[in-house]
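Undergrad: Need a 3D model of the following:
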Amino acid sequence: MTLDRRVTAQLKGAGRQIFAAHRGDLNFTGCGVGFRRRGGTLTDEPAVVAMVIRKRPEASVSRWRLLPRTIEVNGRAWGVDVVEAGPLTASGAADVPMTGEAAIREDSSVPITQQLIRPPELGCSISNVNQGHTGTLGCFAIDNTDGTVCLVSSAHVLTRFGQASQGELIIQPALGDGGLGADDIAFLKTSAMTGSDPIDVAIAQLVDQTIFSPNAAGKLMAPISPSHPAVGLVVADDSAACGRSVYLSPMNKIVSRLNLTLIGATSGSSAVAPPTLLSPIEKVGRTSLYTSGIVDVVNVIIKVNYGGTVVTLADMIWTQGMSLGGDSGAVACAGGNGATYAPLPAHCTNPGVCALIDAFATYYNLPLTTTANVTLVDEIRDQFLAMSNTGQLLIGAVYLNAQTAIDRLNSGTGPAHNQAAAQVVAQTLYAQYRDLIAKLVASSSPAAVVAASDVNAAASILFGLAAPVSAGGTAMLTSAESAAAWTLFSDVVKPAVGMDRQQLIDYMNKSAVFQQVNDQLAAIPTIRITGPVSAD
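TA: Coordinates of the predicted model:
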């Protein structure tokens, strides 16, 4: 599916109208041009895609904050599709600790992108010598104003969020990865992060004009070329909030603004391609290494937090699950399978979950906090759920909603909530299925499969959580949560009968399964999810 220029221009204008009207709303992130999704299915209906940090029921949003269902441009009404994304922060990893003298250098146990690489290559870690904001070397280019070879990366990494002076040294590896002053490879030259239309990109001139490589670190991706053109440069994401939204500056705008010819090109534009809706892109970054996603939305205008200062960036590309802190500056090229995602950040899988396990253990009087069971929970998360797109979505949902579950467990106790009956059921199911779950997760037990009785047990658990107290349940779920849970049980859980571990992972990597789970969760006002990721 493609959009012609006239439609794109009208939708872009409509998006700018919405942005101007709502930019002061703290819950509003931005908007762009894309296609509407209905019931989880991508349609061919062009729409303005409006982004908010948290979707809320219409009745709970004041009229002045309410986003329009449609917006009119030149006498034609266009639909507005609202999705969750944000809050957005620059994805240069200020959160990556500066280790100073503890140099990683050439330690083979460390990812190749974080090692000392000579000649420097695309995707390796870099930083300004004066501050440990770790980022990624995007690519190399000729500065057409003087013919020098420069590296290209995000401005907030190279310029220390605008505090650097021209000529400051850029080192590889970054300070946060053990880099030293003697590891300088370039010096800061020019930034485009100024004026009325800032672009988060800067260039640094190579100290030695002959020492560089067009290859990606570890050869994880093909070099930039006319057949593998650069599309965008990673600058911001919402991974700090456990989201999956990633934003890139378009490379065609970058080379035009800074007057560059990318190394690998035969002319100024031959190795650069504009973003195309729904096309796959791939990148190599310092933290998440190789990832691939889809261009979901173009012509995006967003608000990004740069160390406390909110900056508006225009004409951006929106994709999903392609970067983490430290990947800022990575160049995304056309290609890839569109479905190789970065793992969830560690802070999205650990905090809060232990307290949730404690709450479940106490409420149902189960031995969930034993060393063996804590280890099993970790294995379920890291060796099973983390291996699929749907599983990663569920991990993030558990983290984001852990406190809600804890609060309900702490308040719904005693005879009035059928707690004793729930404990009997839970303890029986635990004794019956704990070992089976362990076998399904462990790759050493390939013969273990999901049986119909296992699915029936899941139905019993769901009934206990969803049914009202008068019917023998605990009423832990709201009516909307209960309806979504039963829909997912029927449409997603039941078809898993007969599958072994690898088949389950493959099943949960299917885009249709992912979209069903995502859309059901997104429609529930009381549930937060990691973002409107599409696995298509």
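Undergrad: what's the lengthiest helix in the chain in contact with?
TA: The helix that spans the most residues within the chain, counting by DSSP state H, is helix 419-441. Residues outside helix 419-441 that contact it (Cβ atoms under 8 Å, 6 or more residues apart in numbering): 363-366, 373, 376, 379-380, 383-384, 412-413, 445, 448-450, 454, 457, 460-461, 464, 472, 474, 500-501, 504. (Glycine included, C-beta is placed from N, CA and C.)
Undergrad: Low-confidence bits of the stretch 301-450 of the chain, can you list those?
TA: Residue ranges of the stretch 301-450 of the chain with pLDDT under 70: 346-353, 442-446.
Undergrad: my bad, the stretch 101-250 of the chain
TA: 101-108, 132.
Undergrad: PyMOL command for the buried members of the contacts of helix 419-441?
TA: Selection of buried members from the contacts of helix 419-441 for PyMOL, criterion 16 or more other Cβ atoms under 10 Å:
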select buried, resi 363+364+366+373+376+379+380+384+412+448+449+450+454+457+461+464+474+500+501+504
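Undergrad: Going by neighbour count, which residues of the longest helix of the chain are buried?
TA: So for helix 419-441, counting by 16+ other Cβ under 10 Å, buried means 419, 422, 425-426, 429-430, 433-434, 436-441.
Undergrad: Residue 181 contacts residue 171, correct?
TA: Yes - with contact defined as Cβ atoms under 8 Å, residue 181 reaches residue 171; the gap is 7.0 Å.
Undergrad: Centre of the chain to the longest helix of the chain, how far?
TA: 33 Å (Cα atoms, centre = their mean, to the nearest Å).
Undergrad: Equivalent analysis for stretch 210-224, please.
TA: With Cα atoms, centre = their mean, you get 25 Å for stretch 210-224.
Undergrad: Send me it as PDB with only the CA atoms.
TA: C-alpha atoms of stretch 210-224 as PDB (Å, rounded to 0.1, in the frame of the first residue of the first chain):
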ATOM      1  CA  THR A 210      42.100   7.100   5.900                       C
ATOM      2  CA  ILE A 211      41.100   5.000   8.900                       C
ATOM      3  CA  PHE A 212      37.500   4.000   8.700                       C
ATOM      4  CA  SER A 213      35.500   1.100   7.400                       C
ATOM      5  CA  PRO A 214      32.100   1.100   5.500                       C
ATOM      6  CA  ASN A 215      31.200  -2.200   7.100                       C
ATOM      7  CA  ALA A 216      28.800  -2.700  10.000                       C
ATOM      8  CA  ALA A 217      30.400  -4.000  13.300                       C
ATOM      9  CA  GLY A 218      30.600  -7.700  13.200                       C
ATOM     10  CA  LYS A 219      29.300  -7.600   9.700                       C
ATOM     11  CA  LEU A 220      25.800  -7.800  11.300                       C
ATOM     12  CA  MET A 221      24.400  -5.800   8.400                       C
ATOM     13  CA  ALA A 222      25.500  -5.100   4.800                       C
ATOM     14  CA  PRO A 223      27.300  -1.800   4.100                       C
ATOM     15  CA  ILE A 224      25.400   1.300   2.900                       C
END
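Undergrad: who's in contact with that stretch?
TA: 112-113, 117-124, 139-140, 149, 151, 185, 206, 228, 230, 262-265, 271, 282-284, 289-290, 331, 333, 335.
Undergrad: can you rerun that using 6 Å?
TA: Around stretch 210-224, the neighbours that count as contacts under Cβ atoms under 6 Å, 6 or more residues apart in numbering are 112-113, 119-124, 139-140, 228, 230, 262-264, 271, 282, 284, 290.
Undergrad: swap in stretch 124-137?
TA: Contacts for stretch 124-137 (Cβ under 6 Å, 6+ apart): 92-94, 96, 98, 113-114, 117, 151, 153-154, 157, 160, 164, 168-177, 181, 217, 285-286, 326-330.
Undergrad: Please check these and keep the buried ones.
TA: 92-94, 96, 98, 113-114, 117, 151, 153-154, 157, 160, 164, 168-177, 217, 285-286, 326-330.
Undergrad: Which ones among the residues you listed map onto strands?
TA: Applying DSSP state E to the buried ones among the contacts of stretch 124-137, the entries found in strands are 151, 153, 169, 170, 171, 285.
Undergrad: now those in TSV, with distance to residue 32?
TA: Below are those laid out as TSV (distance: Cβ to Cβ, whole Å):
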residue	distance to residue 32
151	29
153	24
169	37
170	31
171	35
285	22
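Undergrad: closest to residue 317 among these?
TA: For these, the closest approach to residue 317 (Cβ to Cβ) belongs to residue 285, at 15.2 Å.
Undergrad: which residues in this protein form helices?
TA: 5-22, 155-158, 251-258, 353-364, 371-379, 389-400, 402-411, 419-441, 452-466, 479-488, 501-508, 511-522.
Undergrad: relative to helix 419-441, how tilted is the fifth one?
TA: Following axes from the mean of the first three to the mean of the last three Cα atoms, to 10 degrees, one obtains 60 degrees for the angle between helix 371-379 and helix 419-441.
Undergrad: from now on call the first residue 518
TA: All right, first residue 518 from here; so that's helix 888-896.
Undergrad: how far off helix 870-881 does helix 888-896 point, in degrees?
TA: Using the same axes, to 10 degrees: helix 888-896 against helix 870-881 is 130 degrees.
Undergrad: number of nearby residues for residue 594?
TA: Using other Cβ atoms under 10 Å, residue 594 has 12 other residues around it.
Undergrad: That one: what's it in contact with?
TA: residue 587.
Undergrad: pLDDT at it, what is it?
TA: Per-residue confidence (pLDDT) for residue 594: 87.
Undergrad: Enumerate the beta-bridge partners assigned to the closest residue in space to residue 655 that isn't next to it in sequence.
TA: Spatial nearest neighbour of residue 655, excluding adjacent residues (Cβ to Cβ, 6 or more residues apart in numbering): residue 848 at 4.0 Å. As for beta bridges, residue 848 partners with residue 750 under DSSP bridges.
Undergrad: looking at it, residue 848 is touching residue 747, isn't it?
TA: Yes - here residue 848 reaches residue 747: they are 5.0 Å apart, a contact under Cβ atoms under 6 Å.
Undergrad: Give the closest residue to residue 670 in space, chain neighbours not counted.
TA: residue 846 (3.3 Å).
Undergrad: and if you look at residue 586?
TA: Here the residue nearest residue 586, using Cβ to Cβ, 6+ apart, is residue 597, at 6.0 Å.
Undergrad: That neighbour: neighbouring residues, count only.
TA: Residue 597: 19 neighbours (other Cβ under 10 Å).
Undergrad: again, but for residue 682
TA: 9.
Undergrad: so what's it up against?
TA: For residue 682, counting by Cβ under 6 Å, 6+ apart, there are no contacting residues.
Undergrad: how much space is there between it and residue 701?
TA: Distance of residue 682 to residue 701, given as Cβ to Cβ, to the nearest Å: 15 Å.
Undergrad: One more: residue 676?
TA: 16 Å.
Undergrad: just residue 862 next, same as before
TA: Distance, residue 862 to residue 701, by Cβ to Cβ: 30 Å.
Undergrad: Those two: which has the busier surroundings?
TA: Per other Cβ under 10 Å, whichever of residue 862 and residue 701 has more neighbours is residue 862, with 21 against 17.
Undergrad: quick one: contacts for that one?
TA: Contact analysis of residue 862 by Cβ under 6 Å, 6+ apart lists 756, 841.
Undergrad: how close does it sit to residue 836?
TA: When distance is defined by Cβ to Cβ, residue 862 is 17 Å away from residue 836.
Undergrad: ok, now residue 915?
TA: Distance, residue 915 to residue 836, by Cβ to Cβ: 24 Å.
Undergrad: between those two, which one's more packed in?
TA: Legend: neighbour count by other Cβ under 10 Å for residue 915 and residue 836, higher for residue 836 (30 against 17).
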